[in-house]
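>>> Sequence and predicted structure, then a few things I'm wondering about:
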Amino acid sequence: MKPAGRQRGISLIESLLALAIAIVMLSALFFLLADGQTELRAKNQAERIQSFQRVAAQYYMGNRSNLLDAMDGDDGGEADVYCRINVPENGEGGQPSHDQARHTCTVDASLLRAHRLLPPSFNDSTPHGEKLIAVFRRIYDEDGIATGNVDMIVLTVFADGGQYLRNDRRHAESLSVAAHLGATGGVLPDRDRGHCKVQRSSGTYQICGNGWHLNLADFLGAEQLDAFAALLPD
């Protein structure tokens, strides 16, 4: 099962029912300790990702029209309202997080907590100080016309200025978490690994799972992509 929901009609809702939403994680997702608790920790992290994914999908379904408008051009100011991260507990303010060139809208747990879709106790941080985000991306057809289809990925990212540290065990550890996620789990590899391509010089970063791959540049901007370059060999 491929992760991208590109069906006719309200594709994200349909693909949610079919469990065909793209849920991916980066190889920098989780630093698992080399002890007997590795698999248990991987399972717990996968369950946290799945919980976040479900709630992010619910947020989309509850605000579909506004989110589509936000990704399509923000004519009514929808993006600054519905696409925010780092939202205070009172739900006011936060940082707008959308990209009109890529037709994307990003949300994090702080916005979902403000909408009371996640409990205040939900912890979206990993031991590396990364946090979960959901990126929605509106799909356009070959003629450049917006469709009703949306891709969604779940990633872990650092706050502005953070940098990932390369570790030889990261890829293997990430595969363990991805395995618990099933067909929709994936990784950003630490180097080219067959069908999955990463190349610092060209800015190529592919997230790959079982029989599928996505280009990270379709969802994130250049500054965000630069943070992942530290994972790659010189």
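Done, it's in.
>>> Enumerate the positions of stretch 206-215 that are buried.
206-209, 212-214 (16 or more other CB atoms under 10 Å). C-beta coordinates here come from the backbone N, C-alpha and C atoms, glycine included.
>>> tell me how far it is from the chain's mean position?
13 Å (CA atoms, centre = their mean, to the nearest Å).
>>> Do me a favour and get the end-to-end distance for it?
Start-to-end span of stretch 206-215 (CA to CA, to the nearest Å) is 5 Å.
>>> For the protein, give me the ranges with low pLDDT.
Low-confidence segments of the chain, defined by pLDDT under 70, span residues 1-38, 74-75, 127-129, 159-173, 190-194, 229-234.
>>> So which residues of it form strands?
84-85, 95-96, 98-99, 104-108, 131-140, 146-157, 186-187, 198-199, 204-209, 212-215 (DSSP state E).
>>> Columns distance to residue 52 on top of those, output as CSV?
CSV is the format used below for the strands of the chain (distance: least, CB to CB, whole Å):
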stretch, distance to residue 52
strand 84-85, 13
strand 95-96, 18
strand 98-99, 19
strand 104-108, 9
strand 131-140, 5
strand 146-157, 6
strand 186-187, 16
strand 198-199, 25
strand 204-209, 17
strand 212-215, 18
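>>> need the longest helix for this structure.
Across the chain, the longest stretch assigned as helix under DSSP state H is helix 38-62.
>>> what angle separates it from strand 146-157?
150 degrees (axes from the mean of the first three to the mean of the last three CA atoms, to 10 degrees).
>>> how far away is the most centrally placed residue in the chain from residue 73?
The structure's the chain has its C-alpha centroid closest to residue 154; by CA atoms, centre = their mean the separation is 2.4 Å. Taking CB to CB, to the nearest Å as the measure, residue 154 falls 25 Å from residue 73.
>>> Over to residue 121?
37 Å.
>>> what about those two, which has more around it?
residue 73 (13 against 6; other CB atoms under 10 Å).
>>> and that one, how far is that from residue 44?
40 Å.
>>> cool, and residue 146?
38 Å.
>>> What count of nearby residues applies to residue 151?
Other residues close to residue 151 by other CB under 10 Å number 23.
>>> how much space between it and residue 82?
Using CB to CB, which is the criterion applied here, residue 151 is 17 Å from residue 82.
>>> Residue 155 now?
Counting by CB to CB - residue 155 and residue 82 are separated by 19 Å.
>>> now do residue 101
18 Å.
>>> So for those two, which residue has more residues nearby?
residue 82 (23 against 6).
>>> Spit out the contact partners of that one.
63, 66-67, 70, 105, 107 (CB atoms under 8 Å, 6 or more residues apart in numbering).
>>> Farthest pair within those residues?
66 and 107 (12.2 Å; CB to CB).
>>> Of those two, which one has the most company?
residue 107 (28 against 16).
>>> Give me the nearest residue to that one, chain neighbours excluded.
Leaving aside its sequence neighbours, residue 107 sits nearest to residue 134 (CB to CB, 6 or more residues apart in numbering; 5.4 Å).
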